[in-house]
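Undergrad: Got a predicted structure plus its sequence, pasted below:
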Amino acid sequence: MRAFLSLLMLFLFAGFTGETQAESRITGQPVSYAAQGVTLKGYLAIDESRDGKLPGVLVVHEWWGHNEYARKRARMLAEMGYAALAVDMYGDGKTAEHPDDANGFSSALFKDFPTAQARFEAAMAFLAQQPKVDGTRIAAIGYCFGGGMVLNMARQGVPLKGVASFHGGLDPIVPAKPGAVKARILVLHGDDDPMIPPAKVEAFRTEMKDLGADMRFVGYPGVTHAFTNPEATELGAKFKLPIAYHAEADQKSWQELSTFLAAIFKP
């Protein structure tokens, strides 16, 4: 009864003051763009109920490729008020069902960074051109393979407001251009990730300091690789990979991202 009365009072107060809550209208749709003659198949998520131009966020997928997980994150960003594009780095929407294929797809781009950068910048240009997007305010987030990619885009001076890496690789693919790192950087890392041992973490911290980068590094004790993906534990067991979901770290890292995006897009 008390809960009912509370809801009734809220309803009456909103009606009396004339305050209304705009109902969100999240749209998510497959989109295509191209780079170097290759068709790239992404997914664009926007809350159409929001007024004005929205900041844009690119979502770079794990080594499995552009899948539903990346699209889910794009929709979550749209709910937060951003225009989000889940990108396709492999071309033609290719995805991997086995680690060997995922490793092959991702390794090809690590060995050919100019192609990776061209595909990333094509996605960035596509997002910036959308009618509801403020093309001067673009950021990028990435998971695993994608996390390493967005850090490397920052190293090369791609004009992003900021990049956030979730359990991403920390090694440079191509050495950073002196003075090029302008994007603010957020790294969200599992402290027990065997794929990124402490020595690599320290090397990355030193690199960022030497570059004068504005970087925040958050480590989660007892957390391993791929900790944000609810399917990670099952995939780890299936393929004998050292990956596992960690709900608390997932939630905390998303809150870190929320704070980070609000700060870099602050007018």
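TA: The structure has been received and is ready for your questions. Quick caveat, the model's predicted, so the values are computed rather than measured.

Undergrad: OK, contacts around residue 254?
TA: Contacts for residue 254 (CB atoms under 8 Å, 6 or more residues apart in numbering) come out as 76, 228. In this view, the C-beta of every residue, glycine as well, is placed from N, C-alpha and C.

Undergrad: element containing residue 45, please.
TA: strand 38-47 (DSSP states H and E).

Undergrad: Return the alpha-carbon coordinates of that strand using PDB.
TA: This file holds the C-alpha atoms of strand 38-47, laid out as PDB (Å, rounded to 0.1, in the frame of the first residue of the first chain):
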ATOM      1  CA  VAL A  38      36.400  -3.700 -49.000                       C
ATOM      2  CA  THR A  39      32.800  -3.600 -47.700                       C
ATOM      3  CA  LEU A  40      32.600  -3.300 -44.000                       C
ATOM      4  CA  LYS A  41      29.400  -4.300 -42.200                       C
ATOM      5  CA  GLY A  42      28.700  -2.400 -39.000                       C
ATOM      6  CA  TYR A  43      25.800  -1.600 -36.700                       C
ATOM      7  CA  LEU A  44      24.600   1.800 -35.800                       C
ATOM      8  CA  ALA A  45      22.600   2.500 -32.500                       C
ATOM      9  CA  ILE A  46      21.100   5.900 -31.700                       C
ATOM     10  CA  ASP A  47      18.300   7.100 -29.400                       C
END
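
Undergrad: Can you tell me what sits against it?
TA: By CB under 8 Å, 6+ apart, strand 38-47 touches 24-34, 54, 66, 70-71, 74-75, 77-79, 81, 83-89, 91-93, 119, 122-123, 126-127, 130, 132.

Undergrad: buried subset of those residues?
TA: Buried by 16 or more other CB atoms under 10 Å: 28, 31, 33, 54, 66, 70-71, 74-75, 77-78, 83-89, 91, 93, 119, 122-123, 126-127, 130, out of the contacts of strand 38-47.

Undergrad: Which of the residues you listed fall in strands?
TA: In strands, defined here by DSSP state E, the members of the buried ones among the contacts of strand 38-47 are 28, 31, 33, 54, 83, 84, 85, 86.

Undergrad: Out of those, which two sit at the greatest distance?
TA: The distance between the two most remote of these (CB to CB) is 18.5 Å, for 33 and 54.

Undergrad: which residues in the stretch 1-150 of the chain form helices?
TA: 2-17, 68-79, 99-111, 113-128, 145-155 (DSSP state H, counting those that start in this stretch).

Undergrad: winner for burial among those helices?
TA: With neighbours taken as mean count of other CB atoms under 10 Å, these reach their highest mean count in helix 145-155, at a mean of 27.

Undergrad: how far does that helix sit from the chain's center?
TA: Offset of helix 145-155 from its chain centre (CA atoms, centre = their mean, to the nearest Å): 10 Å.

Undergrad: what about that helix, average pLDDT?
TA: Computed over helix 145-155, the mean pLDDT rounds to 98.

Undergrad: on contacts alone, who are the packing partners of that helix?
TA: For helix 145-155, the packing partners by 3 or more CB pairs under 8 Å, 6 or more residues apart in numbering; DSSP states H and E come out as strand 54-60, helix 99-111, helix 113-128, strand 133-143, strand 162-166, strand 184-190.
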